[in-house]
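> prediction below, plus the sequence it came from.
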Amino acid sequence: MRQLWSESHKRRLWRQMWLALAEVQAGFGLIGEEQVADLRAHVDQVNIPRALEIEAEIHHDLMAELKCFAEQAPLGGKILHLGATSADIEDNADVLRIRQSLDLILMDLCRTLQEFADKIETWAETPLMAFPHLQPAEPSTLGYRLATYTQDLFLDWEEISRVRANLRGKGFKGAVGTSASYAELIGKENLEAFEKRLSKRLELPFFPVATQVYPRKQDYLVVSALSNMGASLYRFAQDLRIMQSPLVGEWSEPFGRKQVGSSAMPFKRNPINAEKIDSLARLLAQYPRLAWDNAANSMLERTLDDSANRRSFLPETFLVADEILDATHKILTGLEIDLDAIQRNFIRYAPFAAVEPLLMVVCKKGADRQAIHERMRQHSMKAWNSIRSGEPNLLIDDISQDSEILGYLPETEIRRLMDANQHLGDATQRALAFARSIRDKLG
């Protein structure tokens with residue numbers, strides 16, 4: 001990703017734009033084949049020190065690169081940039097970089113989804129307590145919880161794929177998008193064929209309408225899609241941080257044998273990768289606002305006040321997204337699951353989840369709903385007090401010995417109904433089916 005957004009790669013793409021323009025113009029008889037061959041021979045000879053030396057004098061980075069290229073290719077350099085404006089070169093090069101970067105993101109995102117699918121299948125049948133509002137509620141499974149993160153992330157994969165497939169370059173339309181300069185060179189009747197040849201040569205579709213630049217709304221769509229991915233992984237990382245707290249202790253990210261958790265407290269195992277994901281995802285969330293401002297404030301045929309910030313936020317967006325995916329990969333490949341802690345929390349809290357189903361069954365047997373509800377409430381409050389005191393949860397024992405409830409159901413049936421493992425619904429089956437669908441859709 002750093003290479004794609006490097007100064008050398010950017011300038012090499014600029015030169016490829018100039019070469020493509022010259023090749024197509026040669027097809028219209030404007031440029032000789034010897035000149036095109038001269039440009040082709042020097043297209044990859046980027047010389048940043050020389051270009052910066054020129055830029056220090058003329059204060060225009062693209063013109064400096066053009067002059068540097070022309071010095072290296074004196075025959076072809078005479079016709080460089082014929083009919084073009086800076087954005088004809090820069091904007092098409094930017095879209096190529098964005099597309100290459102999205103390809104990297106999608107490749108890593110596909111790997112991450114496959115890793116999540118592996119975890120879903122591994123833990124699809126492992127019961128745990130679900131914690132809406134950070135409070136123990138009803139049972140679920142570890143695989144099903146992991147499927148919720150994966151589903152969010154798969155939506156991001158679909159959206160990023162859609163945005164990537166619909167990327168468009170500015171094309172070669174000159175200073176205000178009317179193609180007037182090219183019409184002077186090749187005739188208005190040839191403009192459509194001219195852009196089609198350039199589009200085919202660059203393997204890049206063009207917007208049918210553009211100003212001096214391609215619509216900055218496209219940047220907003222790209223950055224928003226990546227920001228949404230950040231939100232999905234932020235949630236996963238934040239939940240992992242909760243689960244890694246010793247108060248819960250069910251999951252943790254990998255921790256190296258010689259890893260140091262704190263400079264002051266040698267015993268600490270801080271979730272550094274999850275914290276990094278959340279920190280960077282917060283940063284990623286800010287970029288759509290900037291891209292929105294650029295799109296909304298692109299006055300008339302263009303304004304240059306987007307130029308400086310795009311040089312910063314576009315590469316930063318992709319570098320941040322890339323780092324978030326890398327940190328997620330580190331967590332998933334070494335994710336530690338403490339089955340003892342999961343079981344301990346399940347035994348402690350799961351009996352509460354069986355109270356309402358038991359109440360329904362007893363009432364169907366003819367019991368007074370209000371009276372039974374009160375008895376179960378008293379047993380539940382007693383059990384909560386026991387837990388707070390560090391004692392075991394004896395709710396099942398207490399209810400199964402309640403004489404009034406025993407008048408409607410035998411003890412064996414009460415204990416069967418209060419077995420929380422029977423209250424998982426179809427979580428296991430849905431988690432496994434979703435993991436299979438992920439594999440099918442990703443190939």
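On my side now, so go ahead.

> every contact and neighbour count from this point should use C-alpha atoms.
Noted.

> so where do the strands sit in the stretch 301-443 of the chain?
Assigned by DSSP state E, counting those that start in this stretch, the stretch 301-443 of the chain shows strands spanning 336-337.

> hey, where'd the helices end up in it?
Here the stretch 301-443 of the chain has its helices, by DSSP state H, counting those that start in this stretch, at 307-333, 339-353, 355-364, 369-388, 395-400, 403-406, 411-417, 427-442.

> Throw the ones you listed into CSV and include mean pLDDT and mean neighbour count, thanks.
Formatted as CSV, those follow (pLDDT from 0 to 100; neighbours: other C-alpha atoms under 10 Å):
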stretch, mean pLDDT, mean neighbour count
helix 307-333, 96, 18
helix 339-353, 89, 19
helix 355-364, 87, 16
helix 369-388, 90, 15
helix 395-400, 89, 19
helix 403-406, 89, 15
helix 411-417, 87, 16
helix 427-442, 96, 17
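
> residue 146 is nearest to which of those?
helix 427-442 (8.4 Å; C-alpha to C-alpha).

> now do the closest one: everything it contacts.
110, 113-114, 117-118, 120-121, 124-125, 140-141, 143-144, 147, 154 (C-alpha atoms under 8 Å, 6 or more residues apart in numbering).

> ok, stretch 289-305 next?
Residues contacting stretch 289-305 (C-alpha under 8 Å, 6+ apart): 176, 211, 212, 213, 215, 216, 217, 219, 220, 223, 306.

> residues touching the second one, list them.
So that's residue 211. Shown in contact with residue 211 (C-alpha under 8 Å, 6+ apart): 175, 176, 177, 178, 301, 302.

> 6 Å instead?
By C-alpha atoms under 6 Å, 6 or more residues apart in numbering, the contact list for residue 211 reads 176, 177, 301.

> thinking again about what came up before, what's the closest of the contacts of stretch 289-305 to residue 201?
residue 213 (20.0 Å).

> quick check on that closest one: phi, psi?
Dihedral angles phi and psi of residue 213 (degrees, to the nearest 10) take the values phi -130, psi 170.

> what separation do you get for it and residue 25?
Distance, residue 213 to residue 25, using C-alpha to C-alpha, to the nearest Å: 21 Å.

> between those two, which one's more packed in?
Remark: of residue 213 and residue 25, residue 213 carries more neighbours, 27 against 22, as counted by other C-alpha atoms under 10 Å.

> next, give phi and psi for the nearest residue to residue 365 once chain neighbours are set aside.
Spatial nearest neighbour of residue 365, chain neighbours left out: residue 408 (6.3 Å); criterion: C-alpha to C-alpha, 6 or more residues apart in numbering. Dihedral angles of residue 408 (phi, psi; degrees, to the nearest 10) stand at phi -110, psi -30.

> please apply the same query to residue 52.
phi -70, psi -30.

> ok, now which ones touch it?
No contacts exist for residue 52 under C-alpha under 6 Å, 6+ apart.

> just put the helices of the stretch 301-443 of the chain in a markdown table and tack on distance to residue 2.
Shown next, in a markdown table, are those (distance: least, C-alpha to C-alpha, whole Å):
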| stretch | distance to residue 2 |
| --- | --- |
| helix 307-333 | 7 |
| helix 339-353 | 40 |
| helix 355-364 | 56 |
| helix 369-388 | 52 |
| helix 395-400 | 58 |
| helix 403-406 | 68 |
| helix 411-417 | 58 |
| helix 427-442 | 26 |
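
> show me where pLDDT drops low in the stretch 101-250 of the chain?
By pLDDT under 70, the stretch 101-250 of the chain has no low-scoring segment.

> for it, what spans make up the helices?
So, for the stretch 101-250 of the chain - with DSSP H, counting those that start in this stretch - the helices run 142-165, 180-186, 191-202, 217-244.

> make TSV out of those and add distance to residue 325.
Below are these laid out as TSV (distance: least, C-alpha to C-alpha, whole Å):
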stretch	distance to residue 325
helix 142-165	11
helix 180-186	44
helix 191-202	29
helix 217-244	8
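
> reformat those as a markdown table; add distance to residue 38 and mean neighbour count.
Formatted as a markdown table, those follow (distance: least, C-alpha to C-alpha, whole Å; neighbours: other C-alpha atoms under 10 Å):
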| stretch | distance to residue 38 | mean neighbour count |
| --- | --- | --- |
| helix 142-165 | 34 | 20 |
| helix 180-186 | 21 | 16 |
| helix 191-202 | 18 | 16 |
| helix 217-244 | 35 | 21 |
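
> nearest to residue 391, of those?
helix 217-244 (22.1 Å).

> quick one: residue 185 and residue 25, what's the gap?
From residue 185 to residue 25 the distance is 9 Å (C-alpha to C-alpha).

> out of the contacts of residue 211, which is nearest to residue 392?
residue 301 (72.0 Å).

> report the central residue of this protein.
residue 229 (2.5 Å; C-alpha atoms, centre = their mean).

> run through the residues that contact it.
Residue 229 neighbours (C-alpha under 6 Å, 6+ apart): residue 156.

> then the one 3 residues further on?
Residue 232 makes contact with 152, 153, according to C-alpha under 6 Å, 6+ apart.

> and the spatially closest residue to residue 125 that is not a sequence neighbour, how far from residue 58?
Distance criterion C-alpha to C-alpha, 6+ apart; nearest residue to residue 125, sequence neighbours excluded, is residue 428 at 5.5 Å. The gap separating residue 428 from residue 58 is 66 Å, by C-alpha to C-alpha.

> once you drop chain neighbours, what's closest to residue 5?
In space, residue 5 is closest to residue 315, 5.9 Å off (C-alpha to C-alpha, 6+ apart).

> farthest pair in the contacts of helix 427-442?
Counting by C-alpha to C-alpha, the most remote pair of those is 110 and 140, 26.2 Å apart.

> counting neighbours, go ahead and name the busier of these two.
Set side by side, residue 110 and residue 140 show more neighbours around residue 140, with 24 against 19, by other C-alpha under 10 Å.

> if we can go back for a sec, against residue 4, how distant is the residue nearest to residue 5?
For residue 315, the distance to residue 4 - C-alpha to C-alpha - is 9 Å.

> cool, residue 109 as well?
In terms of C-alpha to C-alpha, residue 109 sits 18 Å off from residue 4.

> those two: which has the busier surroundings?
Under the criterion of other C-alpha under 10 Å, the comparison of residue 109 against residue 4 puts residue 109 first, with 23 against 17.

> list the contacts of the more buried one.
Contacts of residue 109 by C-alpha under 6 Å, 6+ apart: none found.

> for it, give its distance to residue 30.
From residue 109 to residue 30 the distance is 45 Å (C-alpha to C-alpha).

> now do residue 430
Residue 430 is 63 Å from residue 30, by C-alpha to C-alpha.

> and for the residue lying closest to residue 326 once chain neighbours are set aside, the neighbour number?
Of all residues not flanking residue 326 in the chain, residue 108 sits nearest, at 8.0 Å (C-alpha to C-alpha, 6+ apart). Around residue 108 there are 16 other residues, counting by other C-alpha under 10 Å.

> distance of residue 108 from residue 275?
20 Å.
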